[in-house]
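S.K.: With the sequence up front, the predicted model follows.
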Amino acid sequence: MGLFSFFSKEKKETLDKGLSKTKESVFEKITRAVAGKSKVDDEVLDNLEEVLITSDVGVETTLNIIRRIEKRVARDKYVNAQELNNILREEIANLLTENNTVDAEDFSIPEGKKPYVIMVVGVNGVGKTTTIGKLAYQFKKAGKSVYLGAADTFRAAAVEQLLIWGERVGVPVVKQKMGADPASVAFDTLTSAVANNADVVIIDTAGRLHNKVGLMNELTKIKNVMKKVVSDAPHEVLLILDGSTGQNAFEQAKQFTLATEVTAMAVTKLDGTAKGGVVIGISDQFKIPVKYIGLGEGMEDLQVFRRREFVNSLFGTDS
C-alpha cells in the first residue's frame, strides 16, 4: 500500500477536529496577513513571523521558515496570497522531514525485534500513562501481544492508572509495591514478556522533573537492567510532551534529551489547545521524530504523526 493508504476519512476528520483550535485561532490569521497584497513585502513577512511565533512554533524555527520563504519568493516570483500560502505549507512540511525519517504507516514494530521494548519518559501530567494505554490498545488491535511495566513506583496513582488501562485494553501489567526499584520492575516485566513470547513491552517511568543527574542515573539504571534480559533494549525511548503547554514543552524536551537518548516523541492534548504549532518547532529544534500525536480522550484518538497531513490540516487543504 502507498504511504497514505492507511489515512482513512475517519482519521482525517479526527485530525481536522483535533487541530481546529490551532487552525482557527492562529493559522487562519496568515491568510488575513497576506490578503490583498500584490507582492510579498516586509510587512507581509513581519505579519507571518508574528503569527508563527505566537502559535508557539518558536523563534528559531520561525526565522528559519521566514528565510526559506524569502528564498522561494525571490527564486519563483510567487506573489499572490494563495501561492504564498502554498509556499508556507510546503516549506513547513519540508522542514518536518529534515531529520531524515519517514512517516510510519501504522502502529507497527520493526522486524526482528521481539519483544520490541519501549521506555516511556516525561513529566507528570503530560498524558504519559494515558498515551501508554492508547499505544497498548493500538498494538493489540494490530494483532500484537503487549506487556506493560509500572516502573513509576513513586506515585500510587500512576500504577493504579496503568492497571486501569491494562484492564480496559486487556493486556497484563507487571507491578511491584510502592517505592520499589523501578529497574527491578522493568526487569520483571521483560522477563515475563520473554517467557510468554510477547511482541511489545512498554515501560512507564517516573515523571518527576528532578535534577538532570538524578534523572540520567535512574533512566540509565533501568536501561542497563533491561539489557540483562533483552540485550539491545530499549529499542525506543519515547518522550511524551503536553502540546497545550507551548514553550514549556520545549524546556521539557531539552531536559529529557540531555538526560537520556530520546529516539521519538509523542505530543498530546492538541485537541484542547491553540498551540499546535509547537509540534513544528519541537521537531525542527531537536531533530527527533514526532511519532504520535494525541487528539482526544478516546483510545482511537492517538494517531501516527504524518507530517504533510498535519500541515495540510492546519492550512485547511487536501492538496
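M.R.: That came through fine. Numbers count the residues shown, from 1 in each chain.

S.K.: Would you mind giving the secondary structure of the nearest residue to G133 once chain neighbours are set aside?
M.R.: Spatial nearest neighbour of G133, excluding adjacent residues (C-beta to C-beta, 6 or more residues apart in numbering): W165 at 3.0 Å. Heads up, the C-betas are built off the backbone N, CA and C, glycines and all. Following DSSP: H, G, I helix; E, B strand; the rest coil, W165 is assigned to helix.

S.K.: A274 reaches S55, doesn't it?
M.R.: Yes - if you go by C-beta atoms under 8 Å, A274 and S55 touch, sitting 7.3 Å apart.

S.K.: Give the buried residues for stretch 51-61.
M.R.: V51, L52, I53, T54, S55, D56, V57, G58, T61 (16 or more other C-beta atoms under 10 Å).

S.K.: Kindly list the main-chain dihedrals of D242?
M.R.: Backbone torsions of D242, given as degrees, to the nearest 10, read phi -90, psi 110.

S.K.: ok now do it, which residues does it touch?
M.R.: Contacts for D242 were tallied using C-beta atoms under 8 Å, 6 or more residues apart in numbering; they are G125, V126, G127, N248, A249, V267, T268, K269.

S.K.: and the helix or strand encompassing V185, what does it pack onto?
M.R.: Element membership for V185 (DSSP states H and E) is helix 182-195. Applying 3 or more C-beta pairs under 8 Å, 6 or more residues apart in numbering; DSSP states H and E, one finds that helix 182-195 contacts strand 146-150, strand 173-174, strand 200-204, helix 212-227.

S.K.: Give me the sheet partners of the third one and which way each runs.
M.R.: As defined by DSSP bridges, the strand partners of strand 200-204 come to strand 116-121 (parallel), strand 146-150 (parallel).

S.K.: which residues touch it?
M.R.: By C-beta under 8 Å, 6+ apart, strand 200-204 touches 109, 115-120, 128-129, 132, 135-136, 139, 144-152, 158, 162, 185-186, 189-190, 193, 222, 226, 233-234.

S.K.: and with 6 Å instead?
M.R.: With contact meaning C-beta atoms under 6 Å, 6 or more residues apart in numbering, strand 200-204 is reached by 115-120, 132, 139, 144, 146-152, 162, 186, 189-190, 193.

S.K.: pLDDT weak spots in the stretch 101-250 of the chain?
M.R.: The model of the stretch 101-250 of the chain has pLDDT under 70 over residues 101-105, 209-211.

S.K.: Repeat the analysis, applying 90 as the threshold.
M.R.: 101-112, 124-125, 153-158, 178-179, 206-218, 244-248 (pLDDT under 90).

S.K.: measure T257 to G58 for me?
M.R.: Applying C-beta to C-beta, to the nearest Å, the value for T257 to G58 is 15 Å.

S.K.: cool, V123 as well?
M.R.: 19 Å.

S.K.: Then V194?
M.R.: 42 Å.

S.K.: Kindly report the same for P115.
M.R.: 36 Å.

S.K.: Kindly report the same for F256.
M.R.: 17 Å.

S.K.: repeat for L270
M.R.: Taken as C-beta to C-beta, the span from L270 to G58 is 16 Å.

S.K.: And A198, by the same measure?
M.R.: For A198, the distance to G58 (C-beta to C-beta) stands at 39 Å.

S.K.: thinking again about what came up before, the helix holding V185 vs strand 200-204, what angle?
M.R.: 170 degrees (axes from the mean of the first three to the mean of the last three C-alpha atoms, to 10 degrees).

S.K.: which other residues reach helix 182-195?
M.R.: 115, 147, 149, 151, 153, 174, 176, 201, 203, 221-222, 225-226, 229-230.

S.K.: host element of the closest residue to N94 other than its chain neighbours?
M.R.: Using C-beta to C-beta, 6+ apart and skipping residues adjacent in sequence, the residue nearest N94 is R68, 7.7 Å away. Assessed by DSSP H and E, R68 sits inside helix 59-76.

S.K.: Quick one: distance of whichever helix or strand comes after that helix to the chain centre.
M.R.: On the C-terminal side of helix 59-76, the closest following helix or strand by DSSP H and E is helix 81-95. Mean C-alpha position of helix 81-95 versus that of the full chain (C-alpha atoms, centre = their mean, to the nearest Å) differs by 22 Å.
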